[in-house]
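Engineer: What would the 3D arrangement of this be:
(chains A and B)
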Amino acid sequence: MFHVSPSVFIYNASDQSGVLVFVPALGKVVTLTSKVGFVLLALKSEESFDFTTFNSRIVEIESAQVKEVWHTLISEGILIEEI
Amino acid sequence: MQLKELEYGDLSEKMRKGNIGIDLGVASFRVKSKLPDVQKVFYELYSDYSIVGQDDPTDFQVSIQHSFSLRRWFKPQISFSLDQYTPFLPLPRSQAYPLLEWGMNWCMAAHQHNFLLIHGAILEKNDEALIFPAPPGSGKSTLCAYLANSGWRLLSDEMTVINLETGLAHPFVRPICLKNNSIDLVKEWFPDVVVSNIAKDTSKGTVAHVKPPERSVLDLYKTAKVRAIVLPHFTPDKKLDIYTLNKIQAYESLSSNAFNEGMLGVQGFKAMTRLIEQTDTVEIFYNDLNSVMEFLTEGVFTL
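Structural biologist: Okay, here's the model as predicted:
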């Protein structure tokens, strides 16, 4: 069972080597080492999510989106490794 | 006023009373000890540092004293304290000076959360700083002593201090802690450097501390832009092998050496990822310090 954070922070590495998701409420950083393309699509499908902001290095997803995004990451098995 | 402007007798008297304060840039320490050997080594290694005024506040008030137990009469021990708090078990009397240095490191790592703190050396050349995060046994301190006495500016041997707002590195210049065989090697390479007395059978083996170059101490308030992260591995059978790490690998390596990233939460995550974005990361396996220095001085980290 994952606790849903009020916000998560995403780091999209400029060399395309992966994506990091920081969940303050969990105090953890999750490494996404593959399926990055799917993450992008999942985030894009959120109507309220401004996809263009994903070009920035760190994107803060506010509470309105976090539940859906986070559940998508979980249900699709995107969360691969905890560090 | 630099510590060396004090007569040793004055220093000794002030240390007995806990009235000697040292400015280390990002933090200041007031140090108390009645132990003559601690006073002597402290005077030798910190002679170039500025003294904090007797009535001025300091960030940490630490002491190294005999443990108050019957053991002080046989196999005496010493304890480190921050204010009235004693965070560690007592150590043998012969380890008094190393315990002071390790205790001061602990003060920073456990309390100075205005910065991102990373376990690693940091040195600068040509206005570009390199971070060397590494676990014990990697040769980090030997490499650090070599570079610091070969024209590089030492910012720290033990702790990289990153500003959360600017991403710049702040110096935290301290004596370099050498272990085991590296003590004699550094004495041989640099006969003029000041090396403390040797403490044997510590948790890190035989250790000694090397006085930092005066130029580095005088630049205590000069921040540096970080150019690269270098993960050193002393490997006897490899002269110099270099591998580049991608951003995610670099993050994982740096994060595993961070003292307080988790404590800082979002600030820590942002500071770490910004550092990764603005730097290149390489992993080096080496046995030849000259080759390493040539590679680092060249400053090309994307292979």
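
Engineer: Could you pull up the mean pLDDT of stretch B:55-70?
Structural biologist: Mean pLDDT, stretch B:55-70: 87.

Engineer: quick one: buried residues of it?
Structural biologist: The neighbour-count check on stretch B:55-70 (16 or more other Cβ atoms under 10 Å in any protein chain shown) flags B:58-67 as buried. Every residue, glycine included, has its C-beta placed from N, CA and C.

Engineer: Give me the residue ranges of chain A where confidence is low.
Structural biologist: For chain A, the stretches with pLDDT under 70 are A:1-8, A:23-83.

Engineer: Let me know the helix or strand that the nearest residue to B:Asn287 once chain neighbours are set aside is in.
Structural biologist: Nearest residue to B:Asn287, sequence neighbours excluded (Cβ to Cβ, 6 or more residues apart in numbering or on different chains): B:Pro236, at 5.4 Å. Counting by DSSP states H and E, no helix or strand carries B:Pro236.

Engineer: And the pLDDT at the residue nearest to B:Gly25 when sequence neighbours are not counted?
Structural biologist: Nearest residue to B:Gly25, sequence neighbours excluded (Cβ to Cβ, 6+ apart): B:Leu220, at 3.8 Å. In this prediction, B:Leu220 carries a pLDDT score of 96.

Engineer: B:Leu220: what secondary structure?
Structural biologist: Classification of B:Leu220 using DSSP: H, G, I helix; E, B strand; the rest coil returns coil.

Engineer: One more: the one 10 residues further on?
Structural biologist: Three-state assignment for B:Val230 (three-state DSSP): strand.

Engineer: quick one: it and B:Ser67, what's the gap?
Structural biologist: As defined by Cβ to Cβ, to the nearest Å, B:Val230 lies at a distance of 40 Å from B:Ser67.

Engineer: What of A:Phe22?
Structural biologist: A:Phe22 sits at a distance of 43 Å from B:Ser67 (criterion: Cβ to Cβ).

Engineer: got it, and B:Gln278?
Structural biologist: Distance from B:Gln278 to B:Ser67, by Cβ to Cβ: 46 Å.

Engineer: cool, and B:Glu44?
Structural biologist: Remark: distance between B:Glu44 and B:Ser67 (Cβ to Cβ) = 25 Å.

Engineer: returning to that earlier point: cross the buried residues of stretch B:55-70 against strands and list the overlap.
Structural biologist: Those of the buried residues of stretch B:55-70 mapping onto strands are B:60-66, per DSSP state E.

Engineer: Closest one of those to chain A?
Structural biologist: Nearest to chain A, judged by Cβ to the nearest Cβ, of those is B:Phe60 at 26.6 Å.

Engineer: Next to chain A, which bits of chain B? Give me the list.
Structural biologist: Neighbours of chain A within chain B, by Cβ under 8 Å from any Cβ of the partner chain: B:246-249, B:251-252, B:255-256, B:262, B:265-266, B:269-270, B:273-274, B:276-277.

Engineer: filter these to the buried ones?
Structural biologist: Buried by 16+ other Cβ under 10 Å: B:247-249, B:251-252, B:255, B:269-270, B:273-274, B:276-277, out of those.

Engineer: Let me have the residues you listed in TSV, extended by secondary structure.
Structural biologist: Shown next, in TSV, are these (three-state DSSP):
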residue	secondary structure
B:Lys247	helix
B:Ile248	helix
B:Gln249	helix
B:Tyr251	helix
B:Glu252	helix
B:Ser255	helix
B:Phe269	helix
B:Lys270	helix
B:Thr273	helix
B:Arg274	helix
B:Ile276	helix
B:Glu277	helix
